[in-house]
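Asker: What follows is a predicted structure for the sequence shown.
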Amino acid sequence: DAGVTQSPTHLIKTRGQQVTLRCSPKSGHDTVSWYQQALGQGPQFIFQYYEEEERQRGNFPDRFSGHQFPNYSSELNVNALLLGDSALYLCASSLGVVDEQYFGPGTRLTVT
Amino acid sequence: AQKITQTQPGMFVQEKEAVTLDCTYDTSDQSYGLFWYKQPSSGEMIFLIYQGSYDEQNATEGRYSLNFQKARKSANLVISASQLGDSAMYFCAMRESGRGSNYKLTFGKGTLLTVNP
(Lines give C-alpha, C1' and ligand atoms only; values in the text may rest on other atoms or scores of the structure.)
Protein backbone atom coordinates (compact mmCIF):
# COMPACT_ATOMS: atom_id res chain seq x y z
CA ASP A 1 0.00 0.00 0.00
CA ALA A 2 1.78 3.11 -1.29
CA GLY A 3 1.81 6.00 1.12
CA VAL A 4 1.91 9.69 0.30
CA THR A 5 4.83 10.59 -1.92
CA GLN A 6 6.31 14.01 -2.65
CA SER A 7 8.85 15.30 -5.10
CA PRO A 8 11.42 16.65 -5.14
CA THR A 9 12.95 15.92 -1.74
CA HIS A 10 15.03 19.06 -1.67
CA LEU A 11 15.02 22.19 -3.78
CA ILE A 12 17.12 25.36 -3.87
CA LYS A 13 15.73 28.43 -5.61
CA THR A 14 16.63 32.10 -5.90
CA ARG A 15 14.44 34.99 -4.76
CA GLY A 16 11.89 35.94 -7.39
CA GLN A 17 11.82 32.53 -9.03
CA GLN A 18 8.86 30.21 -9.24
CA VAL A 19 8.66 26.64 -7.90
CA THR A 20 6.35 23.66 -8.33
CA LEU A 21 6.08 20.90 -5.75
CA ARG A 22 4.29 17.61 -6.39
CA CYS A 23 2.31 15.20 -4.27
CA SER A 24 0.75 11.80 -4.90
CA PRO A 25 -1.84 10.79 -2.32
CA LYS A 26 -2.06 7.51 -0.48
CA SER A 27 -3.86 4.84 -2.45
CA GLY A 28 -7.62 5.28 -2.14
CA HIS A 29 -7.45 8.88 -0.97
CA ASP A 30 -9.06 11.70 -2.92
CA THR A 31 -8.25 14.83 -0.91
CA VAL A 32 -4.91 16.60 -0.66
CA SER A 33 -3.92 19.29 1.84
CA TRP A 34 -0.72 21.33 1.79
CA TYR A 35 1.13 22.67 4.81
CA GLN A 36 4.16 24.91 5.27
CA GLN A 37 6.46 24.19 8.20
CA ALA A 38 9.05 26.82 8.98
CA LEU A 39 12.08 25.81 11.03
CA GLY A 40 11.17 25.26 14.67
CA GLN A 41 7.44 25.70 14.08
CA GLY A 42 4.42 23.50 13.62
CA PRO A 43 2.94 23.08 10.15
CA GLN A 44 0.64 25.85 8.86
CA PHE A 45 -2.29 25.01 6.59
CA ILE A 46 -1.99 26.42 3.06
CA PHE A 47 -4.95 24.94 1.21
CA GLN A 48 -6.92 21.78 0.49
CA TYR A 49 -8.01 20.23 -2.80
CA TYR A 50 -10.96 17.95 -3.32
CA GLU A 51 -12.60 16.99 -6.62
CA GLU A 52 -10.02 19.10 -8.43
CA GLU A 53 -11.10 22.29 -6.68
CA GLU A 54 -9.55 24.37 -3.93
CA ARG A 55 -11.98 23.82 -1.06
CA GLN A 56 -10.29 25.57 1.83
CA ARG A 57 -7.47 28.07 2.14
CA GLY A 58 -5.32 29.28 5.00
CA ASN A 59 -3.74 32.71 5.44
CA PHE A 60 -1.35 32.56 2.53
CA PRO A 61 -0.99 35.11 -0.28
CA ASP A 62 -2.08 34.49 -3.85
CA ARG A 63 1.54 33.73 -4.73
CA PHE A 64 0.66 30.28 -3.43
CA SER A 65 -1.55 28.36 -5.82
CA GLY A 66 -2.29 24.75 -6.52
CA HIS A 67 -3.91 22.21 -8.69
CA GLN A 68 -5.40 18.75 -8.36
CA PHE A 69 -5.43 16.32 -11.25
CA PRO A 70 -8.07 13.68 -12.13
CA ASN A 71 -5.86 10.99 -10.55
CA TYR A 72 -5.99 13.02 -7.27
CA SER A 73 -2.33 14.00 -7.39
CA SER A 74 -1.62 17.63 -6.66
CA GLU A 75 0.84 20.44 -7.29
CA LEU A 76 1.75 23.42 -5.16
CA ASN A 77 3.08 26.45 -7.03
CA VAL A 78 4.78 29.40 -5.42
CA ASN A 79 5.54 32.50 -7.50
CA ALA A 80 7.93 35.36 -6.79
CA LEU A 81 9.75 33.44 -4.10
CA LEU A 82 10.81 35.26 -0.93
CA LEU A 83 13.48 34.27 1.55
CA GLY A 84 10.66 33.65 4.05
CA ASP A 85 9.24 30.92 1.83
CA SER A 86 12.12 28.68 2.88
CA ALA A 87 10.46 25.81 4.72
CA LEU A 88 9.46 22.17 4.69
CA TYR A 89 6.34 21.76 2.56
CA LEU A 90 4.18 18.86 3.63
CA CYS A 91 1.43 17.22 1.66
CA ALA A 92 -1.28 15.23 3.42
CA SER A 93 -3.96 13.06 1.88
CA SER A 94 -7.27 11.82 3.21
CA LEU A 95 -10.48 10.18 2.06
CA GLY A 96 -12.73 13.22 1.93
CA VAL A 97 -12.18 16.47 3.77
CA VAL A 98 -13.08 15.14 7.22
CA ASP A 99 -11.07 11.94 7.40
CA GLU A 100 -7.71 11.76 9.18
CA GLN A 101 -4.76 13.00 7.17
CA TYR A 102 -1.66 11.02 6.30
CA PHE A 103 1.47 13.03 5.58
CA GLY A 104 4.21 12.60 3.04
CA PRO A 105 7.93 13.03 3.73
CA GLY A 106 7.90 16.68 2.65
CA THR A 107 9.88 18.84 0.26
CA ARG A 108 12.50 21.08 1.79
CA LEU A 109 12.64 24.37 -0.10
CA THR A 110 15.53 26.76 0.39
CA VAL A 111 15.30 30.24 -1.12
CA THR A 112 18.59 32.13 -1.42
CA ALA B 1 -5.02 33.40 21.23
CA GLN B 2 -3.15 30.24 20.43
CA LYS B 3 -5.47 27.44 19.38
CA ILE B 4 -2.99 24.77 20.42
CA THR B 5 -0.44 25.30 23.18
CA GLN B 6 2.43 22.96 23.89
CA THR B 7 4.32 24.42 26.83
CA GLN B 8 7.25 21.99 26.84
CA PRO B 9 9.82 22.88 24.16
CA GLY B 10 11.87 19.86 25.18
CA MET B 11 11.50 16.79 27.37
CA PHE B 12 13.92 14.09 28.48
CA VAL B 13 12.99 10.58 29.57
CA GLN B 14 14.91 7.47 30.45
CA GLU B 15 14.43 4.43 28.27
CA LYS B 16 11.58 2.17 29.50
CA GLU B 17 9.99 4.95 31.55
CA ALA B 18 6.70 6.69 30.80
CA VAL B 19 6.47 10.32 29.71
CA THR B 20 3.61 12.80 29.37
CA LEU B 21 3.61 15.52 26.71
CA ASP B 22 1.26 18.40 27.44
CA CYS B 23 -1.26 19.97 25.08
CA THR B 24 -4.01 22.49 25.75
CA TYR B 25 -6.41 23.78 23.15
CA ASP B 26 -8.85 26.58 22.62
CA THR B 27 -12.06 26.27 20.65
CA SER B 28 -15.68 27.30 20.86
CA ASP B 29 -16.80 24.42 18.65
CA GLN B 30 -18.69 21.54 20.26
CA SER B 31 -17.40 19.07 17.70
CA TYR B 32 -13.67 18.81 17.17
CA GLY B 33 -10.88 16.29 16.94
CA LEU B 34 -7.50 16.17 18.60
CA PHE B 35 -4.48 14.50 17.06
CA TRP B 36 -0.93 13.72 17.98
CA TYR B 37 1.77 13.35 15.36
CA LYS B 38 5.41 12.31 15.63
CA GLN B 39 8.00 13.95 13.40
CA PRO B 40 11.44 12.29 13.29
CA SER B 41 14.40 14.19 11.92
CA SER B 42 13.52 12.85 8.46
CA GLY B 43 10.57 15.25 8.43
CA GLU B 44 7.60 12.97 7.83
CA MET B 45 4.62 13.50 10.12
CA ILE B 46 3.51 10.17 11.55
CA PHE B 47 -0.04 9.92 12.90
CA LEU B 48 -0.11 8.48 16.43
CA ILE B 49 -3.52 8.86 18.01
CA TYR B 50 -6.90 10.59 17.66
CA GLN B 51 -9.53 11.72 20.18
CA GLY B 52 -12.93 13.01 19.18
CA SER B 53 -14.60 15.60 21.36
CA TYR B 54 -17.59 13.33 21.93
CA ASP B 55 -15.53 10.25 22.76
CA GLU B 56 -16.15 9.37 26.39
CA GLN B 57 -13.14 7.11 26.76
CA ASN B 58 -9.54 8.13 26.38
CA ALA B 59 -7.99 6.93 23.12
CA THR B 60 -5.24 4.33 23.23
CA GLU B 61 -2.98 2.96 20.50
CA GLY B 62 -0.37 0.51 21.70
CA ARG B 63 2.09 2.39 23.90
CA TYR B 64 0.32 5.71 23.23
CA SER B 65 -2.63 6.98 25.18
CA LEU B 66 -4.35 10.33 25.19
CA ASN B 67 -5.37 11.81 28.53
CA PHE B 68 -8.40 13.84 27.45
CA GLN B 69 -9.78 16.31 29.99
CA LYS B 70 -12.51 18.18 28.16
CA ALA B 71 -13.38 20.66 30.90
CA ARG B 72 -9.75 21.69 31.19
CA LYS B 73 -9.32 21.63 27.40
CA SER B 74 -6.27 19.44 27.62
CA ALA B 75 -5.21 16.47 25.54
CA ASN B 76 -1.94 15.16 26.90
CA LEU B 77 -0.08 12.34 25.18
CA VAL B 78 1.28 9.58 27.38
CA ILE B 79 3.99 7.30 26.00
CA SER B 80 4.60 4.22 28.11
CA ALA B 81 7.82 2.21 28.15
CA SER B 82 9.81 4.75 26.12
CA GLN B 83 12.15 3.45 23.45
CA LEU B 84 15.19 5.10 21.87
CA GLY B 85 13.24 5.31 18.61
CA ASP B 86 10.68 7.55 20.30
CA SER B 87 13.14 10.45 20.18
CA ALA B 88 11.49 12.97 17.85
CA MET B 89 9.34 16.11 17.70
CA TYR B 90 5.77 15.58 18.82
CA PHE B 91 2.94 17.80 17.62
CA CYS B 92 -0.53 18.19 19.01
CA ALA B 93 -3.13 19.27 16.45
CA MET B 94 -6.83 20.12 16.40
CA ARG B 95 -9.44 19.89 13.71
CA GLU B 96 -12.52 22.02 14.32
CA SER B 97 -15.81 21.03 12.71
CA GLY B 98 -18.13 23.90 13.49
CA ARG B 99 -19.77 26.27 11.04
CA GLY B 100 -17.14 28.37 9.34
CA SER B 101 -14.34 25.96 10.09
CA ASN B 102 -12.60 24.28 7.25
CA TYR B 103 -11.48 20.98 8.70
CA LYS B 104 -7.86 22.10 8.52
CA LEU B 105 -5.44 20.85 11.12
CA THR B 106 -4.08 23.51 13.48
CA PHE B 107 -0.79 22.49 15.05
CA GLY B 108 1.06 23.49 18.17
CA LYS B 109 4.75 24.38 18.14
CA GLY B 110 5.79 20.92 19.20
CA THR B 111 7.79 19.23 21.95
CA LEU B 112 11.18 17.68 21.27
CA LEU B 113 11.40 14.39 23.14
CA THR B 114 14.78 12.83 23.83
CA VAL B 115 14.95 9.29 25.17
CA ASN B 116 18.15 8.53 27.05
CA PRO B 117 19.59 5.01 27.24
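Answerer: Done, it's in.
Asker: How many residues are close by the residue lying closest to B:Lys70 once chain neighbours are set aside?
Answerer: Closest residue to B:Lys70 apart from its sequence neighbours, by Cβ to Cβ, 6 or more residues apart in numbering or on different chains: B:Ser53 at 7.0 Å. Quick note: C-beta positions are derived from backbone N, CA and C, even for glycine. Residues lying near B:Ser53 (other Cβ atoms under 10 Å in any protein chain shown) number 19.
Asker: What of A:Gln41?
Answerer: 15.
Asker: likewise B:Phe12?
Answerer: Using other Cβ under 10 Å: B:Phe12 sits among 11 other residues.
Asker: So what sits opposite it in the bridge?
Answerer: B:Thr114 (DSSP bridges).
Asker: correct me, but it touches B:Leu112?
Answerer: No - between B:Phe12 and B:Leu112 there is no contact under Cβ atoms under 8 Å: 9.5 Å.
Asker: Pull out the buried positions in stretch B:77-96.
Answerer: B:77-79, B:82, B:86-96 (16 or more other Cβ atoms under 10 Å in any protein chain shown).
Asker: Would you mind pulling the contact partners of stretch A:48-68?
Answerer: With Cβ atoms under 8 Å, 6 or more residues apart in numbering or on different chains as the test, stretch A:48-68 has contacts from A:30-34, A:36, A:44-47, A:69-70, A:74-80, A:96-97, B:102-104.
Asker: For that stretch, buried residues please.
Answerer: Under 16+ other Cβ under 10 Å, the buried positions of stretch A:48-68 are A:Gln48, A:Tyr49, A:Tyr50, A:Gln56, A:Gly58, A:Phe60, A:Phe64, A:Ser65, A:Gly66, A:Gln68.
Asker: and that stretch, how far from the chain's centre?
Answerer: Here the centre of stretch A:48-68 is set off from its chain's centre by 9 Å, with Cα atoms, centre = their mean, to the nearest Å.
Asker: Ends of it, what's the gap?
Answerer: Across stretch A:48-68, the terminal residues are separated by 9 Å (Cα to Cα, to the nearest Å).
Asker: Let me see the mean pLDDT of stretch B:64-82.
Answerer: Per-residue pLDDT over stretch B:64-82 has a mean of 97.
Asker: Provide a list of residues in contact with A:Tyr72.
Answerer: With Cβ under 8 Å, 6+ apart, A:Tyr72 has these contacts: A:Pro25, A:His29, A:Asp30, A:Thr31, A:Val32, A:Ser93.
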